[in-house]
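Novice: how does the following fold in three dimensions:
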Amino acid sequence: MNNVDIDVDGTPFSVLMDRAVKLKSSQLSSQRSKWDSYPSFYQNTVFPREEAVDEARGLDFNDRLASATRLKDEGNSSFRDGNLDEALVKYESALAVFRYLVNINPSWKNEGIKDDFISEVSYQCKDDEESDKLNKFLVKCYNNIALVSNKRRDFQLALQACDCAIAVDKRCDKSYFLRAQARIAPLSSGSVEQELALADLQTSVKMNDQNKEARKLLHSLRDEIKSQRVRDKQSFSGLFDRGEVYDNKDLQEEKETRQKSKVKEAIESNHRDIILGKQLAQMYDERGMEIEKVRVEQSLQREIRAHDEYTDLNNVNFREPTEKMVQDAKSMGVDLSDPQTAEMLEQMQKARMSGTSLNDIDAVVLEKNPNNIVSRFARFIKSRRQTNFATVRGLFLICFVAFVVNRIVSTLDLPHFTLQ
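Specialist: Predicted structure coming up:
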């Protein structure tokens, strides 16, 4: 009888086994959070797939480096032959000669991998000369892993490899270049990834202005960002200034509902953009890129102010004006203490919020009452709304950029990069 045919208290055996596996996995995940955070090229060092790795670990530094270099060179040959998986194994093995993980639990196959039994081993250099040679070698291996991973479209692994390379050498232009590729190549990448990639490419070119591939990708990315902003502006610039007149009440209500929904969506997405903007500013700060940091922070403050202003747009109450509103109105010859004045302003406010342009409001109001005081009402409405709506237009453009997928970079082949 097959296991799937066995019932235990009415429950199929296969279902019980599935539940047991899930329970075991859940228990183990809490005991190996550190292990799970390691990149796969580091995890794989626990189980070296090249005999030369164990042999090399017992050698002195120069012989160990020579053995690791042979593994790296074999990876380069596999890469040129188009065998990306084999190349990746060779690069991982080359790294494992100097940096690797050890599982000290002999029963791990039955008990699973746990953080308590995993130890990290790194070769301890005797002097600055050894340290310099080792760091250069490690960066080459990390960069080659990133290159292979980009080719295999494993962009997350490429990012991890680049981060490791930059942690060893913050001035390696090729690491920033490869990381920029990994950021913008996925189909899911958007404006945030573009900004991060732009920062990486600027750093790469700053470190080495002779890096032609980095300069080419930098110019291409700048053009794409600029073109996307133009397209967004053309698509959404009229969002708040439509001048159509709807005689049908249902159509008008539908228009108002649709517009409010778009505004709500923009405000909610603005929260996410603000968070990502703070992360970008922090990255610039860590790299010492003060000018870029200030530029991002200034834009961030404008977005925060725009968000705060617009969330209060519907809360302006002409029946209970603030002292500042009273003074502003008085300077324009408008008396907010007059109930009829407040009613007129509310009507104009409602028309403006429904999407009617300010010029249309003036025309309608003046047609009904050509008295000069009415035109003052219109000017006061403008003073209370014009700045806010101009700010919100900018907010809308910024928010929509965050949701537009890069249409050009994702279709391009990754630029050629020389193995090291």
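Novice: mind listing the helices for the stretch 201-350 of the chain?
Specialist: According to DSSP state H, counting those that start in this stretch, the stretch 201-350 of the chain carries its helices in the segments 212-236, 249-286, 290-311, 323-331, 339-353.
Novice: mean confidence for the first one?
Specialist: Across helix 212-236, the average pLDDT comes to 84.
Novice: mind giving me the packing neighbours of it?
Specialist: Under the contact criterion of 3 or more CB pairs under 8 Å, 6 or more residues apart in numbering; DSSP states H and E, helix 212-236 touches helix 173-184, helix 191-207, helix 372-401. Quick note: C-beta positions are derived from backbone N, CA and C, even for glycine.
Novice: now do the first one against helix 212-236, angle only.
Specialist: Taking axes from the mean of the first three to the mean of the last three CA atoms, to 10 degrees, one finds that helix 173-184 is oriented at 30 degrees with respect to helix 212-236.
Novice: just checking, what packs against helix 173-184?
Specialist: Secondary-structure packing of helix 173-184 (3+ CB pairs under 8 Å, 6+ apart): helix 128-151, helix 155-168, helix 191-207, helix 212-236.
Novice: so for T322, which of these sits nearest?
Specialist: Using CB to CB as the criterion, the shortest distance between T322 and the helices and strands packed on helix 173-184 is 31.6 Å, found for helix 212-236.
Novice: buried sites along that closest one?
Specialist: The neighbour-count criterion (16 or more other CB atoms under 10 Å) identifies 213-215, 217-218, 220-221, 224-225, 228-229, 232, 236 as the buried residues of helix 212-236.
Novice: any chance of the helices and strands packed on helix 173-184 in JSON lines, plus distance to V46?
Specialist: Shown next, in JSON lines, are the helices and strands packed on helix 173-184 (distance: least, CB to CB, whole Å):
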{"stretch": "helix 128-151", "distance to V46": "17"}
{"stretch": "helix 155-168", "distance to V46": "17"}
{"stretch": "helix 191-207", "distance to V46": "31"}
{"stretch": "helix 212-236", "distance to V46": "35"}
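Novice: of those, which is nearest R319?
Specialist: Among the helices and strands packed on helix 173-184, helix 212-236 comes nearest to R319, with 33.2 Å by CB to CB.
Novice: could I have the CA atoms of the host helix or strand of F79 written out in CSV?
Specialist: Element membership of F79 [criterion: DSSP states H and E] is helix 61-80. This file holds the C-alpha atoms of helix 61-80, laid out as CSV (Å, rounded to 0.1, in the frame of the first residue of the first chain):
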residue,chain,number,x,y,z
PHE,A,61,49.6,32.8,1.6
ASN,A,62,51.4,33.0,-1.7
ASP,A,63,50.7,29.4,-2.7
ARG,A,64,47.1,29.7,-1.4
LEU,A,65,46.6,32.9,-3.6
ALA,A,66,48.1,31.1,-6.6
SER,A,67,45.7,28.2,-6.2
ALA,A,68,42.7,30.5,-5.7
THR,A,69,43.8,32.5,-8.8
ARG,A,70,43.8,29.3,-10.9
LEU,A,71,40.2,28.6,-9.8
LYS,A,72,39.2,32.1,-10.8
ASP,A,73,41.0,31.8,-14.2
GLU,A,74,39.1,28.5,-14.8
GLY,A,75,35.9,30.4,-14.1
ASN,A,76,36.9,33.0,-16.7
SER,A,77,37.4,30.3,-19.3
SER,A,78,34.0,28.8,-18.5
PHE,A,79,32.4,32.2,-18.8
ARG,A,80,34.0,32.8,-22.2
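Novice: what mean pLDDT does that helix get?
Specialist: Averaging pLDDT along helix 61-80 yields 96.
Novice: that helix packs against which elements?
Specialist: Applying 3+ CB pairs under 8 Å, 6+ apart, we find helix 61-80 packed against helix 51-56, helix 84-96, helix 128-151.
Novice: next, the buried residues of the longest one.
Specialist: Within helix 128-151, the residues that qualify as buried by neighbour count (16+ other CB under 10 Å) are 134, 137-151.
Novice: that helix to helix 173-184, inter-axis angle?
Specialist: Computed by the same axes, to 10 degrees, the angle between helix 128-151 and helix 173-184 is 30 degrees.
Novice: I'd like the helices and strands packed on helix 61-80 written out as a markdown table, with distance to D338 and mean pLDDT added.
Specialist: What follows is those, written out as a markdown table (distance: least, CB to CB, whole Å; pLDDT from 0 to 100):
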| stretch | distance to D338 | mean pLDDT |
| --- | --- | --- |
| helix 51-56 | 88 | 91 |
| helix 84-96 | 78 | 96 |
| helix 128-151 | 69 | 97 |
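Novice: please convert those to JSON lines, extending it with distance to R70.
Specialist: Supplementary listing: these in JSON lines, determined by distance: least, CB to CB, whole Å:
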{"stretch": "helix 51-56", "distance to R70": "8"}
{"stretch": "helix 84-96", "distance to R70": "8"}
{"stretch": "helix 128-151", "distance to R70": "12"}
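Novice: which one, of those helices, ends up nearest to S175?
Specialist: Comparing the helices and strands packed on helix 61-80 by their distance to S175 (CB to CB), the top pick is helix 128-151, with 5.9 Å.
Novice: list the buried residues in the helix holding F79.
Specialist: Residues of helix 61-80 classed as buried by neighbour count (16+ other CB under 10 Å): F61, R64, L65, S67, A68, L71, K72, E74, G75, N76, S78, F79.
Novice: and for stretch 147-167?
Specialist: In stretch 147-167, counting by 16+ other CB under 10 Å, buried: 147-151, 154-155, 157-162, 164-166.
Novice: now P106, what's its secondary structure?
Specialist: coil (DSSP: H, G, I helix; E, B strand; the rest coil).
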